[in-house]
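Participant: Here is a sequence together with a model predicted from it:
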Amino acid sequence: MFSKYFFACFIIFANSTPQNEDFTSLQNKLQEYILQNKDERIVKFVRMSFHDLLNFNPSTHTGGPHGCLLKTPISNFSENNGLSQEVNDLNSFVMSEFNNVNFTFGDVISLAGKVAIE
């Protein structure tokens, strides 16, 4: 079901391939961002990261986290109710902070979920 949407779900943020230090910087910025509204963001980021990777198929090694919560029809699934504003806000935040790094939104959501759990 998701395969025809897979390629449309990669969101590239800009110019350069992310390096280790870019991910470290993203992790630090996400920590700050989460703390601005931790009561809502912790729960939503954990939920977003789970929903984004939920379609992983261990038999075929397909699916997994690839940022489709940012795109329709995935964003409109009833299971994702209440996430669209936070998904859009997270996308805007990362684009404004890292406009010169090519993070995929799957990377961003996964890291946001990790940071929220920590």
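Facilitator: Here it is on my side, so go on. Numbers count the residues shown, from 1 in each chain.
Participant: Please enumerate the helices of the chain.
Facilitator: Taking DSSP state H, the helices of the chain run over residues 3-6, 20-35, 38-53, 84-97, 105-117.
Participant: tell me the most buried of those helices?
Facilitator: With neighbours taken as mean count of other C-beta atoms under 10 Å, the helices of the chain reach their highest mean count in helix 105-117, at a mean of 22. For the C-beta atoms, the positions are set from N, CA and C on the backbone; glycine is no exception.
Participant: Put the alpha carbons of it into CSV.
Facilitator: Output in CSV follows, covering the C-alpha atoms of helix 105-117 (Å, rounded to 0.1, in the frame of the first residue of the first chain):
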residue,chain,number,x,y,z
PHE,A,105,12.3,14.0,7.2
GLY,A,106,12.5,10.3,8.1
ASP,A,107,15.8,11.0,9.8
VAL,A,108,14.3,14.1,11.5
ILE,A,109,11.3,12.2,12.9
SER,A,110,13.4,9.2,14.1
LEU,A,111,15.9,11.5,15.8
ALA,A,112,13.0,13.6,17.4
GLY,A,113,11.5,10.4,18.8
LYS,A,114,14.9,9.3,20.2
VAL,A,115,15.4,12.7,21.8
ALA,A,116,11.9,12.8,23.2
ILE,A,117,12.4,9.4,24.9
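Participant: and that helix, what other elements does it pack with?
Facilitator: Packed against helix 105-117 by the contact rule (3 or more C-beta pairs under 8 Å, 6 or more residues apart in numbering; DSSP states H and E) you find helix 20-35, helix 38-53, helix 84-97.
Participant: Can you name every helix or strand that the second one contacts?
Facilitator: It refers to helix 38-53. Using 3+ C-beta pairs under 8 Å, 6+ apart: helix 38-53 touches helix 20-35, helix 84-97, helix 105-117.
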